[in-house]
Each structure stands twice: as C-alpha cells, then as structure tokens.
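**Q** Could you look at this predicted model? Sequence included:
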There are 4 protein chains.
Amino acid sequence: MSSPVHRVTQDHIDAANADLAAPLERDYNHLGEQLARRGVAIDRVRERVGAFAVALPTWGVGTGGTRFARFPMDGEPRSVIEKIADCGTIHQLVRATPAISPHFPWDRVNDTDELKQAAAAEGLAFDAVNSNTFQDQQGQPLSYKFGSLTHTDPDVRAQAIEHNIECIETGRALGSRALTVWVGDGTNFPGQQPFIESLERYLDSMAKVYAALPDDWRVFLEHKHYEPAFYSTVIADWGTNYLCARELGPKAHCLVDLGHHAPNTNIEMIVARLIQFEKLGGFHFNDSKYGDDDLDSGAIDPFQLFLVMNELVDAEDQGRSGFDPAYMLDQSHNVTDPIESLMVSAMEVQHAYTRALLVDRPALRAAQQNNDALLAHRILKSAYETNVAPITATLRLRNGAAIDPLATYRQSGYRKAKAAERPSTGGPSAGIV
Amino acid sequence: MSSPVHRVTQDHIDAANADLAAPLERDYNHLGEQLARRGVAIDRVRERVGAFAVALPTWGVGTGGTRFARFPMDGEPRSVIEKIADCGTIHQLVRATPAISPHFPWDRVNDTDELKQAAAAEGLAFDAVNSNTFQDQQGQPLSYKFGSLTHTDPDVRAQAIEHNIECIETGRALGSRALTVWVGDGTNFPGQQPFIESLERYLDSMAKVYAALPDDWRVFLEHKHYEPAFYSTVIADWGTNYLCARELGPKAHCLVDLGHHAPNTNIEMIVARLIQFEKLGGFHFNDSKYGDDDLDSGAIDPFQLFLVMNELVDAEDQGRSGFDPAYMLDQSHNVTDPIESLMVSAMEVQHAYTRALLVDRPALRAAQQNNDALLAHRILKSAYETNVAPITATLRLRNGAAIDPLATYRQSGYRKAKAAERPSTGGPSAGIV
Amino acid sequence: MSSPVHRVTQDHIDAANADLAAPLERDYNHLGEQLARRGVAIDRVRERVGAFAVALPTWGVGTGGTRFARFPMDGEPRSVIEKIADCGTIHQLVRATPAISPHFPWDRVNDTDELKQAAAAEGLAFDAVNSNTFQDQQGQPLSYKFGSLTHTDPDVRAQAIEHNIECIETGRALGSRALTVWVGDGTNFPGQQPFIESLERYLDSMAKVYAALPDDWRVFLEHKHYEPAFYSTVIADWGTNYLCARELGPKAHCLVDLGHHAPNTNIEMIVARLIQFEKLGGFHFNDSKYGDDDLDSGAIDPFQLFLVMNELVDAEDQGRSGFDPAYMLDQSHNVTDPIESLMVSAMEVQHAYTRALLVDRPALRAAQQNNDALLAHRILKSAYETNVAPITATLRLRNGAAIDPLATYRQSGYRKAKAAERPSTGGPSAGIV
Amino acid sequence: MSSPVHRVTQDHIDAANADLAAPLERDYNHLGEQLARRGVAIDRVRERVGAFAVALPTWGVGTGGTRFARFPMDGEPRSVIEKIADCGTIHQLVRATPAISPHFPWDRVNDTDELKQAAAAEGLAFDAVNSNTFQDQQGQPLSYKFGSLTHTDPDVRAQAIEHNIECIETGRALGSRALTVWVGDGTNFPGQQPFIESLERYLDSMAKVYAALPDDWRVFLEHKHYEPAFYSTVIADWGTNYLCARELGPKAHCLVDLGHHAPNTNIEMIVARLIQFEKLGGFHFNDSKYGDDDLDSGAIDPFQLFLVMNELVDAEDQGRSGFDPAYMLDQSHNVTDPIESLMVSAMEVQHAYTRALLVDRPALRAAQQNNDALLAHRILKSAYETNVAPITATLRLRNGAAIDPLATYRQSGYRKAKAAERPSTGGPSAGIV
C-alpha cells in the first residue's frame, strides 16, 4: 500500500495568509485611492484580472537543461501524473493557471481517462496539445535527423503527419481544442536544402494535419529564429508563419514565443501585425537576453512584457475581430525549483496584464493624435510603474490561494516531501556536446 | 564660354588594356579548361553575365556621411547633370551599369528633356524613380517630422501622396517604369503611435499612389529594420512589406536592401520566400556589419552576397512565375572616391552573379535529396571559390571597357580634372548630433 | 534695448504644486509605511536621493537628428548662453541637474567669464568638457576625414591633440575638472588601417593630452561599438577602453555610454568589471533598442537602467576603492521638446537610483551565498517594482522645484515665449545621405 | 579473436590520386604563373603552408547535438581509442592535423601509455588538454549546478581545482604542454550572483591551477558570450579574459573561439588586440550565424575566417613578441559524418591561412599610410579571391595524402566498415528540454 502523497493544505495557506491580510488591505485601499485619482476603479480592474489565465506546460515542472548539461533536483516528477500534481499545486497557490498543455509522446499514457481524472482532481483543464517531431523516440521506424514535416522522404513526412494526427485525437479525448506545432526542421549549411521546396513540403504536410482538425479546433504554428538548426529554419519568422497560417486556412493561427526572434526585434509590433491581420493564435511566455534562453517571464525585460500585454489589452478593449489568443508559459528552469519559477512567472504575466489594464487609453489616443510623443510615452509608463501586486494578492486571498505564494510554498515542505516520495531513478544527466 | 568637360577617352582605355590583354587571355583559357572539367562552357557563362546589369543611384556619386559629419571630396558633382556624367564614366569603364535611378526632389530639374538627353548621351537609361518624404524641403508647407504617408494629419499624408504621384509623372517622362517608396515613418518611444492605425494609414496612402501607376509600372516597397526611427518603423520587415504589397495589388512588389535586417537574419531565405510568393521586386545592393551601414557591396560578407545571388540564379533557371527583379546599388561612400566604389561594387555584384551561374544545380539537387549536407555545401562553395574575374574582364575588353577599371580610372586624371571643373560651393559640412 | 527673457517663476511653480501637495503627502506616507515593513526608513532614502545629481549636456537642449534629416522645433537655443538658460530651467523644475557639460568648439566663446556667469546665474556648475575631433570646422587646416588622434599623418594628430589641450584649458577656466574624449576614428573597409598601429597612435596622442591634465583632473575615455565608422572603431569596447586607461595612468578612466555596446551585451556586468578594476569614470545615460539610438533614459529598457544603478549603489555602499563616477545624460531629442525629455530623463535616472537604494543587500547576499537564484532575483525585483515617485516629488517640493515638472513646464508657456524670443535663423535642415 | 580494424590504405589513396594528378599539375602551374605576376613565388607559399597545422578535438569525431536532440550515426567511436583511429584517418588523408586535443574525464583511461601509443601509431601528438567542470559525472561528490571554479562553496571550488590539476598531470604524461580551461559558470537571473565576487573566486581558483602548471606549460582561458548561463557568464568577453590572464601571470593566455562573441563583433580586431598586448594563446575554429553554433569552419562567413588569418599571418611576418598561438578545430557535427566535416574544415582553415600569405603587405601598408581605403581593401580581397586549392592539393599529393580527401574517404568504405566494427550500444539519444 502506498502512503498518501503530500499536498499543500488549505489550512496551511490560510495560516500563512493570516498575518499578511491586514497590511494587504491597507495597500489595496491606498492603491485604490491612487487609481481613483486617475479615474480608475480598482475593483473593476481586479475583476478583469480575475478572468485572466495562463496555461502551464507539463514539461515545465521538471528541471530543464542545456546541450552541455542538465542538473536535476530532488523530487522531480517522474510521470505525467506527478507533473499534474505539481501543476495542481501551482494553481492552488496562485489561482491563475487553470489549464495544462501536454506534450506527446512525453506525456503519453495508455489510459487517457486517467489523465483527465488526475487533472480534474486538481481543477485543471487541458490547453493546447503539443506534438514532437524534433526528437527520435524508442522504436520509431524513421529518423527526424534531417527533418520531419519537411523531410525529403515522403515516408518520414507521413510518419510526422501521423504523429500530429494522433496528438489531435488524444487531445480530443482530453477536452483540448488546439494543437501547437513546432518543428525544428532546417539546415546547418548553406545549400543543405532548397528553401522553397522545404516550405512547400511543410505546407503539404500541414495541410494533411489541418484536414484532421475537428470543427471547433485551432492549430497554432510556432516560428523560431534558429535552433536546433543553425543556418536556416523552415518557419523562422512571423512572416513565414503568417503566410503558412493563411495558406492552411481559418483554423490556423500563429503562436508567438517571446524568445524566438532575431536580436533587437520589436516583438510587440509583430503582435500588433498578427492582431491586425487576424492570425494571432497565442503566446509562449518566457524571457531571454541572448537566444531562446527560456528564462522566467519578466526576469530580463519586464517592460517588453508589459508592451506586449498593452497590445493584447488594447485589442481586447477594441473587440478586434478574430482576437482570441491562448496564453501559456514556456520556460526552462535550470537553476530554480520549477514550481517556484512557474508561480512567480504566472504572477509576472498577470501583473503585466494588470498594468496594461491601467493605461488611460483615451488620453493615450489623444496624445498619439497630437504627436505628443513624450506624453504618450508617459501615459504608458505611469501604468507600467504602478505596483499592482495588491490587486493580485487580494484576488488570491479571496480565491483561497496564497497572498505570498513563494513563502507559503516554501513553508509547506512540498519539495522535501516529494524528494522522499519520488526517489531519483538514475545518475547525473549529461548534456550533449 | 565654358571649357569642355573632361572625359575618359577610348584611347586611354585601349592603351591601358593593351598590356593586360595577353595575360588575361591565358587566365581566361585556363579557367575555361577548369570549367570544362566540371562540364561548364565558359563562353556560355560569359554571355549570361553580359546580359546582367545593375543600376546606379544618382545620389551615390556624391560623398556620403553620417549623423556626425560628412567629409566632402574635391570634384563632387553639384547637379544632376554632373551626377549623370559621373555615372556615365562608371558605365564606360565597367559596362555593367546601363541605367540610373534618380531621387526626387534631389534630382528635380525644370526641363525633363535635358535630363533624358544627358543620360542618353552617356548611354544610360532610367531605372526606378525614388520619392523622398523623409526630409523637409525648402518651402514645403507641412513637415514630415512625425511621419509622411502614415502621419496622423490627413493633409500631411496628402502632401506625401502628391509628391509620390509627381515622381511617377516625372519618371514617366524619363522612361522609367517603376517607383521605389521608402518611408522612415515610425516612432522613437513606446506609445508614440499605435502600430495598427499607422499601418492602416500607410495602406490608405499607398493605395492612392498605387492608383496613379501607369499600366506597365511597378511600385517597389522597401522595408527597413530601423533608422531614422529608433523604436518602431512602419515597414520594418519583409513580413509587413509582403502584406502591404499583397494588399495593394499585383503592381506592388517588395524591395530588399541587404542592410535593412535585424542582426543574424538569413537574408537569402527571405529572398527565397519573396520569390516563392511572387512578390520580389528588386534589390538595393550594399554591405553592412552593424546596421544600415551602406558599405560597398561584398566588402564585409561576400559569401552572403553569393548566397543571395544563388537564389536569384536558381529562380532565373527555373523560370519562376513572376520573377523579374530590378537590381540597384545603394551605398554611402564616406571615405572613398564614389566612382571607384561604384565601379568596384558593380563588379563585385557581377562576380557574385557569375559564381552563382557556376553552381552545378543537378548535382546540388541530388545531394539535397539525399540529405548529403556536406556535399551540397561543397557544391555551392566550389562555385563560390572560383575566381571568375577573367570572365568579366574579358567581357569588358570585348565591350570596349577597361580590363582593370580602377587602375584605368586612376590613370585618367578624371577626379583631378573634375576638382578643377567643379569648385566646391561651401565650407565643411557638419553632421547632425 | 532687448526685452527681458522669459523665465519660469517660482510663483508659477508654487501655484502648480499647491493642488498636488496633499495627495503627494498621503502617497509619501503610505510608501513610508510599506518601506518600514521592509525595514527601510523612507527619510534616509530621500536624503541619499537628494545628494544624487546627473549633469546635462549643453548640446542636448537642441533638437537632434539622424543622417537622413533633422526637424528643428521653434524656440531652439541659438547660442551657448541660450542653451544655459534652457538647462537652468530644467534644473529649476527638477533640482537634480546642477551641472552642465559643454562641447567644444560648439560652445566656444571669446569670453569664458561670460559663460561662467551665465551658468552661475542659473545655479549651474561645469561638469566634464567634451572635445570634438569627429567633425571638420570652418577654417580648420587639416581634415579628420581619415581620423584624428589616430590619423596616419602626425600633423593631423598634432592638431587633434592641440584641440584637446585647448579644451582642458577652457575647462579649467570654467571650473571643470574632467575631459571626456570620444573619437569616432575607425574604418569602413577591412584592410583600411592596421588595428595595432592605429591603437598605438591613439595611445601616443592621448599620452600627450594626458600630460596636459592638471593635477586634480581626470580624463574619461569613451568607447563605442560602431558609428561613424562601420567596419572597425579604434576604441570599440570596454576591453580596449580599459587597456588604454591603464596605459595612460591613474587620471584616465573609462566612460560607459549605455548605447555603445554590441547587441545583447550585459552592460551591468561591464560596469561591475570597471568598478572591480578601478577604472570606472562615469556614464552617459540614454536608452536604445538597436544601435546608438540616444533615446531618452529608461524609455526602452528601464530594468536594465535599474540593474546598472544596482551595481553603482552596491559599490557606493561598499565604499569601493577608486569609485567616484560622473553621471551625465547624453541623448538626442528628435521628436520631443528637449527640455521635457531632459527633465523626464533626469527623473528616470533618479528613480533608478532610488530603487537601487531599496535593495535589501544583506538578504540579497544571503540568497546569493545559498544559490537561491529565485529569491535573489525577487529581492532585486521587489526594489525595482516599488513606485518611488513620491520620494523624488517630495524632494522637489521641499527644494522649491515642481512636483510635476512636465505639467508645470507646459503650463508656464516657456517654449512659446522662446519661439518668439529666438526666431529661427534658417530653412529646413536636411540630413546627410 | 577480434578481426582487424579497417584502415584506409596508401594504395587506395594513391589510386584515387592517379587520375587527379595531371590536371592538378596544370592548375598549380597556372596559379604559379598568376602569382609570379604579383611577385609571389608559389613554392615558397607552399612550404609555409606545409608547416601549418591545426589540432583535432577528440570529441569532434562523434556526432554532436543540441539541447533538443542528438541523432547519432552508425559507426561512431565508442572509446577514446576509436576516436584516435578516426583522427588518424583524417590526418592520413589531409596531413594538416598532426595533433589531438583530449577532453577529461571523457577521454579518461586507466593506462595513459595506451593512449600515447595509440596516438603515436597514427602519427598524432597531444595538443592542449581540456578540463570539464560544466557537467556532473557519475560518482562526483559535489555538483556544478551553481558553478565550479566560481562556486560560493569552497569545497566545490576545491573539487574543480583538483580536476584541473589532474588534467595537467595526465596531459604531462601524454606530452601535452597546455591546459585549456572553459567554464560555463554564470547566472540565469539578474541578482543570482554578484559579478565582482564571482570573478574574484574565479581568480582565486585559477591561481591554484596556475601554480600547478609545469614550467614549460601554458594555460588557455576561453571566454564565451553566453550559454549554458543565459543572463551572465563569468568569463564572457575578451576584456575579462585578458584581465584574468594578466592577473594570473605569463603562462596564462586567452583563447579565441570564433563563435563566442556578441552579434556583429569584429573578431579580427579582438585578435589584433590580444596580439598587441601579448596574450593571444590560441583558437577554436568553427563558424556560426546566430550563437555558439559550432558549425564547420568557413561554412557561414569564410571572409571573416580570412580576416582573422590575415591578423595572424601579419603577426607571424612581423615576428611579434609573445606570438605563438595554438590552433584547434572545435565544431559540433550534427548532420554530417564528423570525419568529413573535420577534413573539409581543416582544409578551409588551411586555405584561409594560404590566402593570408598572399597578401601584398608592403603595398597594403603603403595604401593604409595614404588612407587609400579602396586600394587597401582590394589588396586584401585579391588575396582572398585567389583559389589556393592547387597549393594544398599539391602539398597533400607530395605528402602521400589525398588530392581530394572527401572523395577518397567516401570511396574507401571507412564509415561502412566502422558501422560493422562498432555496433551501437543504445537507443536513440534524446536531448534536454
């Protein structure tokens, strides 16, 4: 008989909240007064933030790594069921992450119902399912070494198409309504593959995947500047991504990962372009300084995160046609407890959204119309500079979550308990050089 | 009575060629033997190169500068007529630049016929005309400080539209058949302008310009990553450029300037995308290491120039639908004699084209099909590594141009004569800080 | 008889402050309560911020431009005396910019005393003087087209050395105690100059300038990744800058301009290196997204500005040996009223400094020692996320400056009055292409 | 009894050379005539190239990968002895790679003599030994998750120091005379570690390693812009690298890896700086488009490789004090047969060196002295554009190596034989996400 798994209890949360509630109330009230001076009703803001959600990637609760090494931590989840438990804990403490995004074949199980039940028990729904044709799996007949959906060999393409269709079917059973397709297909040498034919093969393959989408599903295409291919990548930029989404049809949309762009790119403008041309499908939130670093959201450039959110809130406010993006975290937690990083990152995204709600849009539009660049900028900045933590903390308190999720989690002993429950299976994990 | 203007004489060219012809013939013959081993007929290559042309920008024969300073040289052209004389000298010595691309209002004259005759006298035709709404001109009623085709004020937009239409009319009189539109419109501050509305205004304005295009004309839209705007630029990347060209209609195409991309961008892949989706209009050739440096073509990354040409030759060979790009140099000559830079750059572009003709395309396709990355790369590289100078030199010799244009020009005393003919008008020219 | 020049009056400032004082007091008190919870005494913070100053560049009060164009505004200063008046107005409203940094020969006058008196009348002292050998001036015997302190011709180098020594002499008369040397010397072509010999010539020239420094002076060397030279720049990075400063001697230090680095560079780490090796001389504050954009401080990446300040405050707190940096704004105001930009930027820098003062350094050191990456990061972030505006506003109120400098300036009618006082001298100012 | 291992035979090489020798001779002779016109004696060039060598990394003969996946090929070496066999084959066919650079603990064996004999049998010596403290190994007491030589815990630092000293001892036994130290130590979050203390710990640790160097040894410090750390890296740039090498003492030098720089960096100028200040230790040759892509040398930017070589040859010609760099390939072969990539890359590096030998240095110096930028550039370019393949092919022929190493290798059946000899040990190798 197995011993019961450790959980953070509501009592623990309530006790942790007890001491923090009174100063939080004073902060909330004073912020309310400040916002009222600007004509903003804090409760209305809190309500909108309460409806905001960002999904968790199941792979995010394990320790990430680089091509050089991975340094695992104790108590890592060893199965998708254990991953769901960790995601549930995050949602319990933050109440902003009500869905998870699974990755196949990593999360493959024999019994889909078991997955559904495990998620339901944590109050979690299923967001977009992710296919994986950038790795070879045990027993896989054909290799993706030289590509998957764009491979020169039609049999390899068929295998990759089939895998994507299987993901749709699994996702359907789980209650998901979207498929995210990221392929690393590309080249390491000038001349290795012809650019045009590669993209034609991609479109052919994706048309077959597209045809398998249920009526109420969407497919999100994800572009990336480079890596794992280091000379060219088939879907390398939003221009190619958009063109493919348009070729495929109305169910196809573009997914923006904040780390998948050339240096110095104005990402918020790309977001605006995709909104304007009605192809924005969703986001992978993270942060980066160099490449696809997959750092915690807002850890490097929080103002950029706000500027992206500013576009999203503006589209929301305007009721832009076709605007219905899916939000997800996609990070690699190499040096932190992934649960902590995901909690803090979910709040960081939530705070960026909250700040964007505070932008005085009529005043902004007037300043823009007058070419009053400085005033327009200051209007954005004064929203950005507002410390909105009291709003989300109050939301959490009212939802039974933690005012201070990080401290509450640390005090709960969760990780230590998991380290005992989940003994490590292997030795150190070396990277690839 | 003015004294006759100095010209490089055919006698001078012939004399300079005399000593070089014999070794050139040996080099050409040996290269012919080497190419024959690869199954390539050198004379056929020479013929195709002979049909290749790249246009000269009229503004390129003056010394360029930066925002910090401009350091003029003696003998600079002071009028469009003098610019045409310099362009004519380049063409006389290189025979690869049979057209010029004028810029308005810089090249505005009262009598268009005078321009036509001056060009015809040099054997030069008129390539695309360029409009200018990124500067304010003397007597211009409204300022472009906050934009031109995208300005919030409809009167400013109307003025910019009107200027573009006037350019079309002048171009028509000159025998040009294309308009190139580059706008620097953008912002220096997050929030300064809304991204979507700005692009909508651009499209509205350009639709009016488009409507004024004669039946046999094209319009080339030019994108640029940044500068003069330093936070956002309305047409910042090929994705936006493509979308605008598509919205406008079949006469609208995208122009690629090699210096107008984010760091690390794979430009040759962008070229392939525009070929694939039938919107490649043309090129501004130059080179860069950091930003829009406008350095001499091939001076920094000659292999990239070859890879771009490789896409173009491949499209040419395949007879790709809608493929008919216009080629132009667009460089800023800050520390060289512009005539020398333009001659050398025209040959550099010509050499890249010639090397691309040498690619063994059936072997390349086979290696690509077999995922033989190294062999495919080596096939490109061996074409690139071929020293094709004997081919273009032989072409020049047969066309009455100079085997060694740089030495021949220097020996001719052209610049010194111009320094006497064209006394400088002012003092030192300070930049803008 | 000239009419009296317009000034912002103290009455105007006091009237503008009247309505804002009461809510400010409540904000200040509540922030005080919040900081007290973290163990921070708000009044002590306010005192340290009160001692913080950032110098104004005299050239910053004119409208800037790019190589394409400059779009002047009405009422621009036409002389150094008028520039000083504008700087005085900034200091009057913000009380954080008590010194100005002049640029020669732009600010050259016959009578240095007149300059001193004009500045003193505004309560302004003289910060570092700046030399200019990146432009040719009217009547200058030799050109800097191919370099100044590194030129191959010893006579050009001597001219550039002489100019720098003259700057020291003028600065001495003005009460300055530092010379800032930025040279744009470099190349546009591989091969144009040898790297080693160029740097040797730089060191030879600078040794002569160094020898002319008074005992209590310092010289600040400024490096820049690129521009105006587009292939190589003699002092292109902090490594070269450091080596030169070390070679020259103890009076030579490195100046960090936030826009003078390669893409993705971790600037705050460079700052730490220069602190560690005791060669940090000072800063040019601004912001950038692409190159040396010279945008307003904190307009693009305010978190980076905070991280830089975090290093500076840490060094201050530790009493690091040799740590005594000079702070200056260096921005190009192309689309705003320069006075507004400089006021807002001075406050932005001040706010970054204030936030850095709030970092709980003992807790940070403990988290670092425990490799608690997330907690260490959160400690920085919680300081950064604090809205410190009530602290600087209170400081301003107590110093007779404006609670809201931007609104107070706009209401004062200053610019409009200057537009009348200072009629424009010329036509539109075209850039350089 | 094991069957004898497959080897490429001299007979096979000779047979492959037979048909190619005659056209090669004609090419060599014609190139000799061309060079003679420029005053260059081809035989003298060939002799210098014959003395040029570049070392092979033992890890380079296995298939590389990314954090996402590794796709192994058949016949990969499974032990250091098999790696040496592959390196021997490369050297046999190319005769430009007479030494190998081992990596510990990857190449650890019980019996060092066995290693020495295996290498000697292939005609290979031992170049610099490489330590590895960026991964955890089986049975290692302390983890490098949060750093090695810079770790906050002195016991971890001691372990990393001890490993480096052990590498020196092993290297000594092998006949090596240098240690290369690359650490990935750094941070993923602003605030994670203090910059100054981290570098102080690095210097403390390295001083202990330095103290263990034999008299005739050098230590090469390798810097890297980023990865595996994604916010800051302790030895991130050449400035830090130089300062550390200087602090440590005369045996410490800087190693330049071509892929370890910020975007747009002028690497050849860094090389010149390190030559000038007498700290250039050596090179890791490879190529890259985005980050540390570890692509084949010259595959992306062959002109940059030439410009680097130009600095090296110039220093060689001048007999620069302290100039004695070690050259090594360091590439990751993800989609090619590593033996093929290493052969082609060794020739690419050799060709870049050969081209640099052709630069007319007196003429270059004269053009530089005259600020004749275009001519100086053309002098470099005409050396670069020379197809020097006949020189190295002739060298190979005379040394008993292959005129066409790639074709000769492919025809030998080496890889197929190894696939039979070296059955794969495991399943597919997944990356780290």
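**A** Noted; the coordinates are in hand. Here the structure is a predicted model, which is why all the values come from computation and not from measurement.

**Q** so which residue of chain A comes closest to chain B?
**A** residue A:239 (2.7 Å; CB to the nearest CB). All C-beta atoms are positioned from the backbone trio N, CA, C, and that covers glycine.

**Q** show me what contacts that residue?
**A** Applying CB atoms under 8 Å, 6 or more residues apart in numbering or on different chains, one finds that residue A:239 lies in contact with B:237, B:238, B:239, B:240, B:242, B:270, B:273.

**Q** any chance of those residues in TSV, plus pLDDT and secondary structure?
**A** TSV is the format used below for the contacts of residue A:239 (pLDDT from 0 to 100; DSSP: H, G, I helix; E, B strand; the rest coil):
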residue	pLDDT	secondary structure
B:237	98	coil
B:238	98	helix
B:239	98	helix
B:240	98	helix
B:242	98	helix
B:270	98	helix
B:273	98	helix
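
**Q** returning to that earlier point: what's the distance between the residue of chain A closest to chain B and residue D:291?
**A** 22 Å (CB to CB, to the nearest Å).

**Q** swap in residue A:204?
**A** Distance from residue A:204 to residue D:291, by CB to CB: 31 Å.

**Q** And the two? Which one has more around it.
**A** Legend: neighbour count by other CB atoms under 10 Å in any protein chain shown for residue A:204 and residue D:291, higher for residue D:291 (22 against 14).

**Q** so that one sits in a helix?
**A** No: applying DSSP: H, G, I helix; E, B strand; the rest coil, one finds residue D:291 to be coil, outside a helix.

**Q** give the contact list for the nearest residue to it once chain neighbours are set aside.
**A** Nearest-residue entry for residue D:291: residue A:291, 5.2 Å, with adjacent residues in sequence omitted and distances by CB to CB, 6 or more residues apart in numbering or on different chains. Residues near residue A:291 by CB under 8 Å, 6+ apart: A:225, A:226, A:227, A:259, D:226, D:227, D:290, D:291.

**Q** before we move on, what about residue A:374?
**A** B:189, C:296, C:336, C:337, C:340, C:341, C:344, C:406.

**Q** would you list these in CSV and tack on neighbour count?
**A** Output for those, formatted as CSV (neighbours: other CB atoms under 10 Å in any protein chain shown):
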residue, neighbour count
B:189, 25
C:296, 26
C:336, 24
C:337, 24
C:340, 22
C:341, 29
C:344, 22
C:406, 19
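
**Q** Check what pLDDT the residue nearest to residue A:331 when sequence neighbours are not counted gets.
**A** Using CB to CB, 6+ apart and skipping the chain neighbours, the partner closest in space to residue A:331 is residue A:286 (4.5 Å). On pLDDT, residue A:286 comes in at 98.

**Q** picking that back up, is it possible to get CSV of the contacts of residue A:291 that adds pLDDT, distance to residue B:197 and secondary structure?
**A** Listed next are the contacts of residue A:291 as CSV, based on pLDDT from 0 to 100; distance: CB to CB, whole Å; DSSP: H, G, I helix; E, B strand; the rest coil:
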residue, pLDDT, distance to residue B:197, secondary structure
A:225, 98, 28, coil
A:226, 98, 33, coil
A:227, 98, 35, coil
A:259, 98, 28, coil
D:226, 98, 38, coil
D:227, 98, 40, coil
D:290, 98, 34, coil
D:291, 97, 36, coil
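
**Q** circling back to that earlier point, looking at the contacts of residue A:374, which is nearest chain D?
**A** The closest of the contacts of residue A:374, once distances to chain D are taken by CB to the nearest CB, is residue C:296, at 22.2 Å.
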